[in-house]
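Q: Provide a 3D model corresponding to the input given below.
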Amino acid sequence: MRKYIPFLSSHPVVAVIRLSGVIGGRGPSGLNDESIGPAIEKAFTRGKPVAVALEISSPGGSPVQSSLIGARIRRLSEEKNIPVIAFVEDVAASGGYWLAAAADEIYADPSSVVGSIGVISASFGANELINRYGIERRVYTAGQSKSMLDPFRPEKAEDVERLKTLLNDIHGNFIDHVKERRGAKLPPETDLFTGEIWLAKRATELGLIDGIGHLRPMLKERFGDKVKFVRYGNKKGLLSRFGAQILGNAFDSIEERAAYAQFGL
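A: Modelled structure (predicted):
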């Protein structure tokens with residue numbers, strides 16, 4: 001009833017968006033612009049929040065989806081004049097850090113993993129295996145680069161060079177984003193774009209984050225004990241809520257665990 005009485009001020013509201021998992025992941029909990037976009041839009045437009053907080057725990061993933069989600073957050077922040085504050089949980093690495101850098105401020109737990117500002121492409125080569133068993137690979141293409149890096153054919157130097165050019169271009173986009181968002185906070189004499197990771201204290205010293213802190217106590221200190229937190233995020237489907245899981249989701253879970261495992265999580 002309070003909010004309908006004009007001469008009484010309502011409590012400040014902070015909208016909290018959870019960004020968790022492999023970016024670009026499929027399945028009901030996949031973190032991509034299509035799935036999380038509606039929640040981000042609601043967070044900025046419902047209830048006139050004094051700030052939007054991002055809860056981030058992601059080892060990275062698709063550079064395109066990272067860019068799309070980050071750009072949506074920036075656009076809404078500037079349109080609505082609402083500050084964005086990121087709080088890192090387990091990890092904000094690679095694309096996860098891209099999302100964190102979309103915020104105006106970044107905080108983390110002392111043991112949070114931050115960084116990995118780089119780009120990776122991983123595959124396998126099975127041409128010797130299929131040759132050993134007398135299997136013949138038949139591929140027909142129009143365009144000499146159409147079968148680039150086919151894992152069932154011997155690796156070609158020109159294909160590797162072409163891939164490295166693509167990776168370097170994406171890396172350049174990542175570096176530009178971090179420099180634009182963190183600006184003068186980054187020490188000019190330190191190369192932060194090697195793919196290295198750091199814990200929160202060192203990340204603070206390097207200007208990658210603004211300090212150590214947790215969401216509720218920091219925002220209560222900033223906006224008062226009466227601040228209200230309203231959460232937004234992906235909604236799980238009915239089957240997921242009751243623990244049912246199809247084969248595709250099982251493979252997605254394995255892929256996600258592998259992504260976290262590289263950071264010891």
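Q: got the residue ranges for the strands in the stretch 101-250 of the chain?
A: In the stretch 101-250 of the chain, the strands defined using DSSP state E, counting those that start in this stretch lie at 105-108, 113-115, 197-199, 211-212, 228-232.
Q: which residue lies farthest from the center of this structure?
A: The C-alpha centroid of the chain is most remote from residue 134, which lies 43.1 Å away (C-alpha atoms, centre = their mean).
Q: quick one: it from residue 106, how far?
A: 55 Å (C-beta to C-beta, to the nearest Å). Bear in mind the C-beta positions are built from the backbone N, C-alpha and C, glycine included.
Q: Leaving out the residues flanking it, which one is nearest to residue 72?
A: For residue 72, ignoring the flanking residues on the chain, the nearest one in space by C-beta to C-beta, 6 or more residues apart in numbering is residue 40 at 5.5 Å.
Q: Can you give me the neighbour number for the nearest residue to residue 226 once chain neighbours are set aside?
A: Among residues not flanking residue 226 along the chain, residue 11 sits closest, at 4.3 Å (C-beta to C-beta, 6+ apart). Residue 11: 13 surrounding residues under other C-beta atoms under 10 Å.
Q: likewise residue 234?
A: When neighbours are defined as other C-beta under 10 Å, residue 234 has 19 of them.
Q: Hmm, residue 33 and it touching each other?
A: No - assessed by C-beta atoms under 8 Å, residue 234 is found out of contact with residue 33, at 11.8 Å.
Q: report the longest helix in this protein, please.
A: Secondary structure of the chain read by DSSP state H shows that its longest helix is helix 157-182.
Q: Work out the gap between it and the centre of the chain.
A: 17 Å (C-alpha atoms, centre = their mean, to the nearest Å).
Q: Then stretch 153-169?
A: For stretch 153-169, the distance from its own C-alpha centre to the chain's C-alpha centre is 26 Å (C-alpha atoms, centre = their mean).
Q: Kindly report the same for stretch 148-163.
A: Counting by C-alpha atoms, centre = their mean, stretch 148-163 comes out at 29 Å from the chain centroid.
Q: Also stretch 208-223?
A: Computed by C-alpha atoms, centre = their mean, the chain-centroid distance of stretch 208-223 equals 20 Å.
Q: For residue 199, see how far away residue 78 is.
A: As judged by C-beta to C-beta, residue 78 and residue 199 stand 31 Å apart.
Q: Could you pull out the helices in the protein for me?
A: Under DSSP H, the chain gives helices at 33-45, 63-80, 95-101, 127-132, 157-182, 200-205, 215-223, 238-241, 247-261.
Q: Please work out the average pLDDT along the longest one.
A: Average pLDDT, helix 157-182: 93.
Q: Buried residues, stretch 142-151. List them.
A: The neighbour-count check on stretch 142-151 (16 or more other C-beta atoms under 10 Å) flags residue 150 as buried.
Q: can you list contacts of that stretch?
A: 123-127, 137, 139, 141, 153, 155-156, 159-160, 162-163 (C-beta atoms under 8 Å, 6 or more residues apart in numbering).
Q: before we move on, the earlier item: point out the most buried one among the helices of the chain.
A: Burial of the helices of the chain is given as mean neighbour count (mean count of other C-beta atoms under 10 Å); helix 95-101 ranks first at a mean of 28.
Q: Tell me which residues are up against that one.
A: With contact meaning C-beta under 8 Å, 6+ apart, helix 95-101 is reached by 19, 23-24, 54, 56-63, 65-67, 69-70, 73, 86, 88, 92, 106, 114-117, 174, 177-178, 181-182, 208-209.
Q: Check stretch 198-205 too.
A: Outside stretch 198-205, the residues that touch it by C-beta under 8 Å, 6+ apart are 88, 108-115, 206, 208-212.
Q: go with 7 Å
A: Under the criterion C-beta atoms under 7 Å, 6 or more residues apart in numbering, residues 108, 109, 110, 111, 112, 113, 114, 115, 206, 209, 211, 212 lie in contact with stretch 198-205.
Q: Which one (most neighbours) among the residues you listed?
A: That'd be residue 209 among the contacts of stretch 198-205, by other C-beta under 10 Å, with 31 neighbours.
Q: if I look at that one, how far off is residue 93?
A: Distance, residue 209 to residue 93, using C-beta to C-beta: 12 Å.
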